[in-house]
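Peer 1: Got a predicted structure here, sequence first:
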Amino acid sequence: MYWNKRVETISRDELRYIQNENLSKMLRRIYHNVPFYRSKFQEMNLYPEDIKDIDDLSKLPFTTKQDMRDNYPYGLFATDLSEIVRLHASSGTTGKPTVVGYTREDINNWAEVCARSIVAAGGSPSSVIQIAYGYGLFTGGLGLHYGAERLGASTIPISSGNTDRQVMLMKDFHTTFLACTPSYALYLADSLEEHGISPEELDLKAGIFGAEPWSENMRKEIEKRLNISAHNIYGLSEIIGPGVASECSCQNGMHVWEDHFIPEIIDPNTLEPLPYGSLGELVFTSITKEGLPLLRYRTRDLTVLNNGTCECGRTHVKMNRVMGRSDDMIIVRGVNVFPSQIEDVLLGIGEVEPHYQLIITREGTLDCLEVQVEVTDNLFSDRIKNLESLKNTIKSKLASVLQINAKVTLVESRSIPRSEGKANRVIDKRNY
Ligand code: DLL
C-alpha cells in the first residue's frame, strides 16, 4: 500500500529531475530572501545559478544549530511572518529554543509526508490512530495528526502522558495504530499488563515510533508485548518534524522522502561527502520548504544511507536507524537535552561549582535523569534546610528549561571525577 504511489515509486531519473528543479528554486528563494545565506554565497563568490545539479550541493555552505541560534528567532525565515501559519520549537543548546516556521504550503507538504509514513507503516484510511506524541511546540503530535487526518484515518489527539486514559481509550475506541516514542510504547505495554489487558483483547495492528534512538531488540519487545508490527519514523524540527523518513513493511531502514529532503552523509571531521553505504553525519537540504528552507543542515545524527532497491517498490533511498550523535545531545523521555543547557542553568544559580555530571538510567521502561552537582564547602556543611532549598531551586529551573523533571543530587566539592581532557559529563546507563 502506498499513499502517493506515483511519487513513492518514481524512477530515479525523474526524481532527480524534480530535485534539481526544486533545488534551483530553493536556492533563488534563500539568496533573495535570507540575508544570512546571501552573504554566505557572496563570500564564496557563488550565485544560485551556478548550482545546476544536486551533485553540486557539496560546493555549498552548511547550516548549523549555531546559525539558528545566531539568527534567533526569525532571522533564517525566507518568507514574511504574515505568510507563516505555524511556529514550533525544539531544544537549543542553551537557554533559547530553536524556532521553526511553516507556511500553509509547508503544512500541506508535511501532512503529505506524514500520510506517506503512516501508510508505509501499515496505516490506512480505515485506521483508528492514537497519537500519543506530545502536542504543542514539539512537532511530533501535530505533525502526525495532520498526516493521519490527510489520510482520512480516525485520529485520536490524546497527546502524551495520562497512561491510564491512554489504555482505556485504546480499548474502548478500538485503536488500530499507535504513534508515540518507542519508550512510551513499552510503558503503555506495562500499563496494559497492570490493568490485566492482554494485547489480544485490543485491535492494535501497527505503530510508528521515533523521536529517540531505539534498537532492533526494542522493536522485538514492542512487537511481542503489543502484538503489532513496529516501524521506525525519523525527523527533526529544523527540516520539518516527523516524516522526513519512515519505514515500510520491509522494516530494514527508513525511506527518506527525497522529493522534499535531499540527504547527504558527510565525515563529521573533514566535512567531506561520503558515498552510499558509509557511516557518517546526516545532512539535509529542504528543497520545497517556503517558511524556513535550510541548506545542508547538519543534523549531527550518525547513520548510513543505502540506495539499493527495496522490495516494497519505493525508490527513495533508505537510512539506517540513527546510530549515535556527533555532538553531545542526549534524548531523555523523547526530549532533546544538551548538557550545555543544564550547565547554563547551574551556573546561573551560583552557590554550585561548575562541576556536574548527568546520569541517565532506565527505571522499568522510563528514562530517569539525575543531575549531580558539586556545592561549595561552606554550603555543604550548612544546614540541611538550605541544601534542600537549593536543590528545589535547581530542580524547578531545570524543569522550566528542559521540560522534564530531573533528580538533583548535591555532592561535596571535588567528589565528581575530573578529566584531563574533554570532561565526560554524561553517563548513559540505558540499555537500548
Ligand atoms: O523528534 C521529530 C519527530 C517526532 C520524529 C516524532 C519522529 C517522531 P526534534 O525534537 O527536533 O524532532 O528532535 C530531532 O531526534 O535529530 C534525532 O537525534 C532524534 N530522532 C528523531 N527521530 C529518531 C529516530 C523530532 N527514529 C532529533 N531514531 C533528531 C533516533 C531520532 N533518533
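Peer 2: Structure received. Numbers count the residues shown, from 1 in each chain.
Peer 1: C-alpha from now on. contacts and neighbour counts both.
Peer 2: OK.
Peer 1: I'd like to know how far residue 415 sits from residue 308.
Peer 2: In this view, residue 415 and residue 308 are 52 Å apart by Cα to Cα, to the nearest Å.
Peer 1: can you check residue 18 too?
Peer 2: As judged by Cα to Cα, residue 18 and residue 308 stand 20 Å apart.
Peer 1: okay, those two: which has more neighbours?
Peer 2: residue 18 (15 against 12; other Cα atoms under 10 Å).
Peer 1: residues in contact with the helix or strand where the more buried one lies?
Peer 2: In this assignment (DSSP states H and E), residue 18 forms part of helix 12-33. In this structure, residues lying in contact with helix 12-33 by Cα atoms under 8 Å, 6 or more residues apart in numbering are 37-38, 41, 48-49, 51-54, 77-79, 258-260, 262, 287-289, 293, 315.
Peer 1: Just the buried residues of those.
Peer 2: Neighbour counting by 16 or more other Cα atoms under 10 Å classes 37-38, 41, 48, 51, 54, 77-79, 258-260, 262, 287-289, 293, 315 among the contacts of helix 12-33 as buried.
Peer 1: Specify the local secondary structure of the residue of the stretch 251-400 of the chain found nearest the ligand.
Peer 2: Residue of the stretch 251-400 of the chain nearest the ligand, by Cα to the nearest ligand atom: residue 322 (4.8 Å). At residue 322, secondary structure determined by DSSP: H, G, I helix; E, B strand; the rest coil is coil.
Peer 1: so it makes contact with residue 300?
Peer 2: No - taking Cα atoms under 8 Å as the definition, residue 322 is not a contact partner of residue 300, at 10.1 Å.
Peer 1: List, one by one, the residues from the chain near the ligand.
Peer 2: Residues of the chain that fall close to the ligand, judged by Cα under 6 Å from any ligand atom: 90, 139-140, 210-213, 232-237, 241-242, 299, 301, 321-322.
Peer 1: could you flag which of these are buried?
Peer 2: For the residues of the chain next to the ligand, buried by 16+ other Cα under 10 Å: 90, 139-140, 210-213, 232-237, 241-242, 299, 301, 321-322.
Peer 1: Which of the three states applies to the residue of the stretch 1-150 of the chain found nearest the ligand?
Peer 2: Residue nearest to the ligand within the stretch 1-150 of the chain (Cα to the nearest ligand atom): residue 140, separated by 3.7 Å. On the three-state scheme (three-state DSSP), residue 140 is labelled helix.
Peer 1: Would you confirm that it contacts residue 240?
Peer 2: No - using Cα under 8 Å as the test, residue 140 is too far from residue 240 to be in contact (10.2 Å).
Peer 1: what about residue 83, neighbour count?
Peer 2: For residue 83, the neighbour count with other Cα under 10 Å is 15.
Peer 1: ignore the last one, residue 43
Peer 2: So residue 43, with other Cα under 10 Å, has 9 neighbours.
Peer 1: Now it, what are its backbone angles?
Peer 2: phi -60, psi -30 (degrees, to the nearest 10).
Peer 1: same deal with residue 356?
Peer 2: Per-residue torsions, residue 356: phi -150, psi 170 (degrees, to the nearest 10).
Peer 1: what sits against it?
Peer 2: By Cα under 8 Å, 6+ apart, the contact set of residue 356 is 343, 371, 372, 373, 374, 416, 425.
Peer 1: Can you select the buried ones from these in PyMOL?
Peer 2: This is how PyMOL selects the buried members of these, with burial counted by 16+ other Cα under 10 Å:
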select buried, resi 343+371+372+373+374+425
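Peer 1: The helix or strand that contains residue 7 packs against which elements?
Peer 2: Using DSSP H and E, residue 7 sits within helix 5-8. Helices and strands in packing contact with helix 5-8 are not found; criterion 3 or more Cα pairs under 8 Å, 6 or more residues apart in numbering; DSSP states H and E.
Peer 1: Recalculate using a threshold of 10 Å.
Peer 2: Contact here means 3 or more Cα pairs under 10 Å, 6 or more residues apart in numbering; DSSP states H and E; on that basis helix 5-8 packs against helix 12-33, helix 104-120.
Peer 1: Return the most buried member of those.
Peer 2: Of all the helices and strands packed on helix 5-8, helix 104-120 has the most neighbours on average by mean count of other Cα atoms under 10 Å, namely a mean of 23.
Peer 1: So for it, mean pLDDT?
Peer 2: Averaging pLDDT along helix 104-120 gives 98.
Peer 1: The helix or strand just after it pairs with which strands?
Peer 2: Next helix or strand after helix 104-120 toward the C-terminus (DSSP H and E): strand 128-131. Sheet pairing of strand 128-131 (DSSP bridges) gives strand 154-156 (parallel), strand 177-180 (parallel).
Peer 1: Please tell me how far residue 387 sits from residue 376.
Peer 2: Distance of residue 387 to residue 376, computed by Cα to Cα: 11 Å.
Peer 1: Fine, thanks again, bye for now.
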